[in-house]
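**Student:** just the structure for this:
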Amino acid sequence: MPPLTVLETISEARRLVIKIGSALLVDDEAGGLRSSWLTSVVDDIAALKSSGVDVIVVSSGAVAMGLSSMGFTTRPSRLEDAQAAAAVGQIRLAQAYQSRFERHNMITAQVLLTLEDMEDRPRYLNARNTINALAEKGAVPVINENDTVATQELRFGDNDRLAARVAHMVGADALILLSDIDGLFDSDPHVNTDATFFEVVKDITPEIEAMAGPCPISTPGSGGMITKVAAAKIALAGGCSMIIANGTHDHPIQRLQNGGRATLFPATSTPLAVKKRWIRGMMAPKGQLRLDAGAMNALKKGASLLPAGVTHAEGDFDRGDLVEIYSQDGGLVAQGLASYNANDTAQIIGHKSADVSAILGYAGRAALVHRDDMVML
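**Tutor:** Coordinates of the predicted model:
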């Protein structure tokens, strides 16, 4: 059974994505950073990290933080003006995070993504591997859409859905969207004081989507409740639970851990289980790998497939493509996603992982097919 409370969801998560919007980061009237608020959020993240939780931040705010410096009082309508503001604001945003994480002796890293990075398979894998490598080293990746290069026609448009795609990509257990209200209501609580609040939403029905209402266009951010519900659909499809919570208070994550009100969209399975089902359902392998007896025994025990255990490879496959895995006697035993293309695979099979860098001339992954990217058949 999936966790059905916000507290359980957070306490059981080993990897969290936290999305922070422009309206929370930047004071709409003054146009400056809400400095003490951001400090409190970073303090909350540091506490999560100290308890062993991987935290990835998806942060809006680049355009909003660059507006006043560029002489704008509102978000400009011309794309190039908004991109210029983003170029100025992004460096300020990164510095704001870095200075606060340094107080906790923590490393932060900036990762800028475009929609193309999510749609192109090699770029998707590069982004995923980079974020995973940062998390493995204890760093906190701070991700934003690359507003300086994203075109109007090819962009996420809001960081709610970007956050959901990131959560999906990195196998997060939960996504927390910090908003300016407590969660999902059946109508706008700013207008209707009798609006009904939803503590748990198990199914995203057309009625639930209708309650989200239209997307606002006059606020510093570009999202709204409708984009948050859309983000929930993306997150749940990846086995990631999602929480919409009020982020206007200081220490918003601590507030949730202390029982603060929020709306939970619980996932019905884990991110890894969803990924495995997806791999199992793939039906167009691009290559085949043949194993020796030692590798076959290792796979039965749940290990990754290392180059040393592969005796033969064929097919024209790229990194991230589906390959079939056969035992010594020719039986199909597994399928998974290759960590190397066909040319590199041909060079490293039969060799120890420690020798791969010298053979290929670059530092690759230890596994030819990682156990998280493989299903036994």
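**Student:** in this structure, which spans are strands?
**Tutor:** Shown for the chain, the strands assigned by DSSP state E span residues 15-20, 54-59, 108-113, 140-145, 174-179, 184-185, 197-198, 241-246, 262-265, 287-291, 310-315, 322-326, 332-337, 374-376.
**Student:** want to throw these into CSV with mean pLDDT?
**Tutor:** What follows is the strands of the chain, written out as CSV (pLDDT from 0 to 100):
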stretch, mean pLDDT
strand 15-20, 97
strand 54-59, 96
strand 108-113, 94
strand 140-145, 94
strand 174-179, 96
strand 184-185, 92
strand 197-198, 93
strand 241-246, 96
strand 262-265, 96
strand 287-291, 97
strand 310-315, 97
strand 322-326, 96
strand 332-337, 95
strand 374-376, 94
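**Student:** out of those, the one nearest I45 is which?
**Tutor:** With Cβ to Cβ as the measure, strand 54-59 is the member of those nearest I45 (5.0 Å). The C-beta positions use only the backbone N, C-alpha and C, and glycine is treated the same way.
**Student:** that closest one packs against which elements?
**Tutor:** Contacts defined by 3 or more Cβ pairs under 8 Å, 6 or more residues apart in numbering; DSSP states H and E place strand 54-59 against strand 15-20, helix 35-50, helix 79-102, helix 121-136, strand 140-145, helix 159-170.
**Student:** out of those, which gets nearest to L177?
**Tutor:** Across those, L177 has its closest neighbour in strand 15-20 (4.8 Å, Cβ to Cβ).
**Student:** can you list the strands that that closest one pairs with?
**Tutor:** Sheet pairing of strand 15-20 (DSSP bridges) gives strand 54-59 (parallel), strand 174-179 (parallel).
**Student:** highest mean neighbour count out of the ones you listed?
**Tutor:** Ranked by mean neighbour count under mean count of other Cβ atoms under 10 Å, the strands paired with strand 15-20 are led by strand 174-179, which reaches a mean of 28.
**Student:** picking that back up, out of the helices and strands packed on strand 54-59, which comes closest to A64?
**Tutor:** Taking Cβ to Cβ, helix 79-102 is the member of those nearest to A64, at 6.6 Å.
**Student:** per-domain residue ranges of the protein.
**Tutor:** Domain segmentation of the chain under automatic domain parsing yields 6-271, 282-376.
**Student:** looking at those domains, which one is packed in the most?
**Tutor:** domain 6-271 (a mean of 19).
**Student:** endpoints of it, how far apart?
**Tutor:** For domain 6-271, the first-to-last residue distance is 18 Å (Cα to Cα, to the nearest Å).
**Student:** from here on, count from 17
**Tutor:** Fine by me, first position is 17 from now on; the one you just mentioned is domain 22-287.
**Student:** that one: how far from the chain's middle?
**Tutor:** What separates the centre of domain 22-287 from the centre of its chain is 10 Å, taken as Cα atoms, centre = their mean, to the nearest Å.
**Student:** on that earlier part again, ok, which of the strands paired with strand 31-36 comes nearest P138?
**Tutor:** For P138, the closest of those is strand 70-75, at 21.1 Å, according to Cβ to Cβ.
**Student:** what's in contact with that closest one?
**Tutor:** Under the criterion Cβ atoms under 8 Å, 6 or more residues apart in numbering, residues 30-36, 41, 61, 64-65, 109, 113, 147, 151, 156-160, 175, 178-179, 182-183, 186, 188 lie in contact with strand 70-75.
**Student:** so where is the protein shaky, pLDDT-wise?
**Tutor:** For the chain, the stretches flagged by pLDDT under 70 are 17-19, 44-47, 166-173, 229-239.
**Student:** again, only this time at 80
**Tutor:** By pLDDT under 80, the weakly predicted segments of the chain are 17-20, 44-47, 84-85, 87, 89, 135, 137, 163-174, 228-240.
**Student:** now do the most centrally placed residue in it against D189, distance only.
**Tutor:** Nearest to the mean C-alpha position of the chain, by Cα atoms, centre = their mean, lies V182 at 2.1 Å. The gap separating V182 from D189 is 13 Å, by Cβ to Cβ, to the nearest Å.
**Student:** before we move on, what about V245?
**Tutor:** Between V245 and D189 the distance is 20 Å, computed by Cβ to Cβ.
**Student:** same deal with D332?
**Tutor:** D332 sits at a distance of 36 Å from D189 (criterion: Cβ to Cβ).
**Student:** go on, D60?
**Tutor:** As judged by Cβ to Cβ, D60 and D189 stand 17 Å apart.
**Student:** check N359 too.
**Tutor:** N359 sits 36 Å away from D189, going by Cβ to Cβ.
**Student:** now A383
**Tutor:** A383 sits 23 Å away from D189 when distances are taken as Cβ to Cβ.
**Student:** do V104 as well
**Tutor:** Remark: distance between V104 and D189 (Cβ to Cβ) = 35 Å.
**Student:** just T164 next, same as before
**Tutor:** Relative to D189, T164 is positioned 32 Å away (Cβ to Cβ).
**Student:** same check, this time on R116
**Tutor:** R116 is 24 Å from D189, by Cβ to Cβ.
**Student:** then I295?
**Tutor:** Relative to D189, I295 is positioned 19 Å away (Cβ to Cβ).
**Student:** that older thread, of all the strands paired with strand 31-36, which lies closest to A374?
**Tutor:** Between A374 and the strands paired with strand 31-36, the shortest gap by Cβ to Cβ is with strand 70-75, which sits at 31.2 Å.
**Student:** just the CA trace of the closest one, in CSV.
**Tutor:** Taking C-alpha atoms only, strand 70-75 is exported to CSV below (Å, rounded to 0.1, in the frame of the first residue of the first chain):
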residue,chain,number,x,y,z
ASP,A,70,18.6,13.0,-1.7
VAL,A,71,17.1,16.4,-2.5
ILE,A,72,16.8,17.9,-6.0
VAL,A,73,15.5,21.5,-6.3
VAL,A,74,13.6,22.8,-9.3
SER,A,75,13.6,26.5,-9.0
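**Student:** that strand versus strand 156-161: what angle between them?
**Tutor:** Using axes from the mean of the first three to the mean of the last three Cα atoms, to 10 degrees, the inter-axis angle of strand 70-75 relative to strand 156-161 is 30 degrees.
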